Structures are given as C-alpha cells and as structure tokens.
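K.L.:
Let's see this in three dimensions:
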Amino acid sequence: MTEREGVDRDGDGDGTGWEDGERAAGRRPEDDAGRGVVAAFGQTMKMLRLRAGLDREELGRRLGYSSSTIASFEQGRRIPSPRTIEQADEALGAEGLLCLWKDEVERAQYPVFFQGMAALEKEAMELLVYDTLVVNGLLQNEAYMRALLTMRRPPLKEDTIEQRVAARLARQEILDRDPAPLLSFVVDESVLRRRYGGTDVYRGQLEHLLLISRRRNVDIQVMPLDSVESAGVDGPFTVVVRRDGKQFVYAEAQGTSSLETDPARTAVATSRYGIIRSQALTPRESMAFVEGLLGSL
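P.N.:
Down below sits the predicted model:
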C-alpha cells in the first residue's frame, strides 16, 4: 500500500505544491485541523490560568518562559512541548486535564501528510536516510533550520517559522532516546557544499555534524561528487524499521511524497540503501571530509 501526500523537500512536513491562494498565505489546507487543536488547547490553558488566579507573567516565571510566550501558547500561535504541557498542568493544578492534550498537540506540530512519518520516527529502532537536497532535519542545528525556513517563497510567517523550528527540534529527541535507535545517514557532497544562511551558519552546521557523528548509534557518510556510480540516482528516501521489524519507506519528489508499506518494495529500498552506503565514503572518511570543508573556511 502506498499513501500519496504533498511534497516535503526537507523531510519534516514543510511541504509545498499547494494551490496558489494557500501558498500566498504561508499555509496549507491540512494545517487548519492542527491549528484548531492548538487553539483549543490554548483556550483551555488560559481558562485554567484564570481559574488559578495567575497572570501570564507569573505563569511564565513558573514555567521558565516570558509572558509573551505564554500569550502565544494561549492564542495558538506557538506549540508547547510535551514537557511544557506537563509543567503547565502541574503549575495550574489541572490534575491531568492539560496532559490529555499532549498527543494531539504534538501531532499538530506537523501537517497531516507528515504526521504518519513523524509517528514512525518515534517508534523506529532503525532509520536509513539518503539526502540529496539539504541536510536532514534530524541533523540540522537551529541556525540552519531557520536559514532554510526563511528562504521559503512565498515567505512564511514568523510564528509559523517558530513552530516548525520547535517541531524539528522535538524530532531530534530520537538522538537521545533509550534504547538508542540505529541511525544511518548518507548525504550527497553537494549538500555539504551549499552555504545556506551564510558562512557562519554553514560553519555551525558542519561543526554540528561532527558533534553528532560522535554518537555511537549514528553513522554519517558522504556520497562524493566524483563517484562514478551511485544507486541513489532516483533521489532521496528514508527507510524506517519499526520495533516489531516492519519496514516503511518515505520518499519525496517534485509535487508528491509517499509512505510505502508494501513489503516487497520496502525490501528493495533497504537493499538499495545498502548499495548506496557501500558506494559512499566510510564514516571516518566522511568526517575527515567535513573537517576539510571547515578548514577551508
């Protein structure tokens, strides 16, 4: 079975390819359901705050946020993390009422078409990722994220950028999960040579890759431009291996994306990824390559 959805060029649900009217507003049609959930959560949070006799500044002090951030939560302009929801529930004496929203609010961070992939990442015991356009969202630092998001045309609203940065950072919790999943990334050399955001952002992203590569459950490899063969000519894709052993393939192309569940096709993608890994530089060689890029700045 294949589920076809909207294209997402950087693997975190920031799809494009929708009708011009929606794109001009920096929105997609499927965002509306998620916005409704976030707005309803915010109204509930405000009601509980008022019932507790707290102003936004006091609640912000208890949660470690500014009063303006609390206002953004209540107005549905920012999405709080699951941990923030837990802290707010305790601070407001909500007795679990806010925590009931955690799963819905977390899903609302992503457009509908990416929610399935986001859920799979949380259940993954292994990810096999091949990228040819940008550094994968799981490997991006915050400055690089913002650089990519601010380059979108038509421009995204500032609160939308903040929500997407928060969502991407939340996805990176997979790096610290226990038991640690096995994460393999092969990135095309062309991606590592693009100085998105300027030299400082570029330098920081390369340093971030070196830092993440030290994790024992993470392998990062580079597919060199001078390679005469590559099994990845059909483009980027991700193989997700769930804890029960079931495999899925998420792939993106111009105008469409898909989540593949057919066992025969997922097996082919997994085999293809093995060939790609064998054609790329080894993890040690790849990090030496990244260090060379840094040294040239």
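
K.L.:
alpha carbons only for contacts and neighbour counts from here, please
P.N.:
Will do.

K.L.:
For Gln172, the count of nearby residues, please.
P.N.:
By other C-alpha atoms under 10 Å, the residues close to Gln172 number 17.

K.L.:
what about the closest residue to it other than its chain neighbours, how many residues close to it?
P.N.:
Excluding the flanking residues, the one nearest Gln172 by C-alpha to C-alpha, 6 or more residues apart in numbering is Leu138, at 5.3 Å. Neighbour count of Leu138, defined by other C-alpha under 10 Å: 19.

K.L.:
Also Arg107?
P.N.:
Neighbour count of Arg107, defined by other C-alpha under 10 Å: 19.

K.L.:
re the thing from before, is the residue nearest to Gln172 in a helix, a strand, or coil?
P.N.:
helix (DSSP: H, G, I helix; E, B strand; the rest coil).

K.L.:
Name the helix or strand for Asp273, please.
P.N.:
Slight slip there: residue 273 is Tyr, not Asp. Assessed by DSSP states H and E, Tyr273 sits inside helix 263-279.

K.L.:
Check the residue nearest to Gln172 and give its pLDDT.
P.N.:
If you check Leu138, the pLDDT there is 96.

K.L.:
show me the contacts for it.
P.N.:
Each residue near Leu138 by C-alpha atoms under 8 Å, 6 or more residues apart in numbering is listed here: Arg168, Leu169, Arg171, Gln172.

K.L.:
Lys41 and Ser72: what is the separation?
P.N.:
Slight slip there: residue 41 is Phe, not Lys. 12 Å (C-alpha to C-alpha, to the nearest Å).

K.L.:
sorry, that was for Ala108
P.N.:
From Ala108 across to Ser72, the span is 15 Å (C-alpha to C-alpha).

K.L.:
higher neighbour count, the two?
P.N.:
Legend: neighbour count by other C-alpha under 10 Å for Ala108 and Ser72, higher for Ala108 (22 against 16).

K.L.:
unless I'm mixing things up, the more buried one is touching Ala39, no?
P.N.:
No: with contact defined as C-alpha atoms under 8 Å, Ala108 does not count as touching Ala39 (10.5 Å).

K.L.:
What ranges does the stretch 101-250 of the chain have for its strands?
P.N.:
Using DSSP state E, counting those that start in this stretch, the strands of the stretch 101-250 of the chain run over 124-131, 182-188, 218-223, 237-242, 247-253.

K.L.:
Include mean neighbour count when you put those strands into CSV, please.
P.N.:
Shown next, in CSV, are the strands of the stretch 101-250 of the chain (neighbours: other C-alpha atoms under 10 Å):
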stretch, mean neighbour count
strand 124-131, 22
strand 182-188, 23
strand 218-223, 24
strand 237-242, 23
strand 247-253, 22
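
K.L.:
which stretches of the stretch 51-200 of the chain have low pLDDT?
P.N.:
111-113 (pLDDT under 70).

K.L.:
What segments of it are helices?
P.N.:
In the stretch 51-200 of the chain, the helices defined using DSSP state H, counting those that start in this stretch lie at 56-63, 67-74, 82-91, 102-107, 112-123, 142-150, 158-171, 189-193, 199-212.

K.L.:
neighbouring contacts of the shortest one?
P.N.:
Helix 189-193 is touched from outside by Thr132, Leu133, Val134, Val135, Leu206, Val222, Met223, Pro224, Leu225, Val290, Leu293, with contacts defined as C-alpha under 8 Å, 6+ apart.

K.L.:
List the buried residues of that helix.
P.N.:
Neighbour counts using 16 or more other C-alpha atoms under 10 Å place Glu189, Val191, Leu192 of helix 189-193 among the buried residues.

K.L.:
Give the bridge partners for Phe185, please.
P.N.:
Counting by DSSP bridges, Phe185 is bridged to Val129, Ile220.

K.L.:
how close does it get to Glu252?
P.N.:
16 Å.

K.L.:
what's the answer for Val201, then?
P.N.:
Applying C-alpha to C-alpha, the value for Val201 to Glu252 is 26 Å.

K.L.:
Also Val268?
P.N.:
Between Val268 and Glu252 the computed distance is 17 Å (C-alpha to C-alpha).
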